[in-house]
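# structure of the sequence below:
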Amino acid sequence: MFFHRFQPQSLKTRVTLLTLLIVVLSFLLLGYYSKKLLREELLLFTGAQQRSALSLLSAEVNHNLQERFNTLEAVASRITPSLIQDPPAAKAFLIERPFLDWQFNGGAMLWNQHGVLQADLH
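Model prediction:
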C-alpha cells in the first residue's frame, strides 16, 4: 500500500529524499567536527592538568630534599675533627640524633677523611 504512493520518479519524492540526505549528511559532519573539537580540547586540558600535578609533585619533592639538606648541614656543622677520630663518640653523636634515622632510608653514617666508616645509625 505504501509502495503505491512512493514513486521515485516524482519531483516531490526526489526533493524529500534530497532534503533528508542533506540533513543526515549535515548531522554526520557536525558529529565528526564536534568529536574532533572535543578530542583536541580534552588533550589540551589533560596536558595542562598533568603539568599542574607534576609541578605540585616536583615542588613537594624539592621542599623535602631541601629540608633534608638543611638537616645534614646543621648536623655536619656540629661534627668536630676529634669526634671523627673517636668511633664510640661518633656513634653516640649519631644515637643522640634519632631523627636522622627516620629522615633517611639508609640511616646515617659518618666517615673520616680517608673514606673509612666511623659510625652508622640504622
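# where in this protein is pLDDT low?
Within the chain, the stretches with pLDDT under 70 are 1-6.
# return the distance of the biggest helix by length in it from the chain's centre.
Ranked by residue count and defined by DSSP state H, the top helix of the chain is helix 11-76. Offset of helix 11-76 from its chain centre (C-alpha atoms, centre = their mean, to the nearest Å): 15 Å.
# could you pull out the buried residues of the next helix-or-strand element following that helix?
Note on helix 11-76: by DSSP states H and E, the next helix or strand toward the C-terminus is helix 81-85. For helix 81-85, burial by neighbour count (16 or more other C-beta atoms under 10 Å) applies to 83-84. In this view, the C-beta of every residue, glycine as well, is placed from N, C-alpha and C.
# packing partners of helix 81-85?
helix 87-95 (3 or more C-beta pairs under 8 Å, 6 or more residues apart in numbering; DSSP states H and E).
# export the helix it packs on as PDB, just CAs?
The C-alpha trace of helix 87-95 is given here as PDB (Å, rounded to 0.1, in the frame of the first residue of the first chain):
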ATOM      1  CA  PRO A  87      84.300   5.900  66.700                       C
ATOM      2  CA  PRO A  88      82.400   5.400  70.000                       C
ATOM      3  CA  ALA A  89      81.900   9.100  70.400                       C
ATOM      4  CA  ALA A  90      80.800   9.300  66.800                       C
ATOM      5  CA  LYS A  91      78.300   6.500  67.400                       C
ATOM      6  CA  ALA A  92      77.000   8.300  70.500                       C
ATOM      7  CA  PHE A  93      76.700  11.500  68.400                       C
ATOM      8  CA  LEU A  94      74.500   9.800  65.900                       C
ATOM      9  CA  ILE A  95      72.400   8.000  68.500                       C
END
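# having no further points to raise, I will conclude here.
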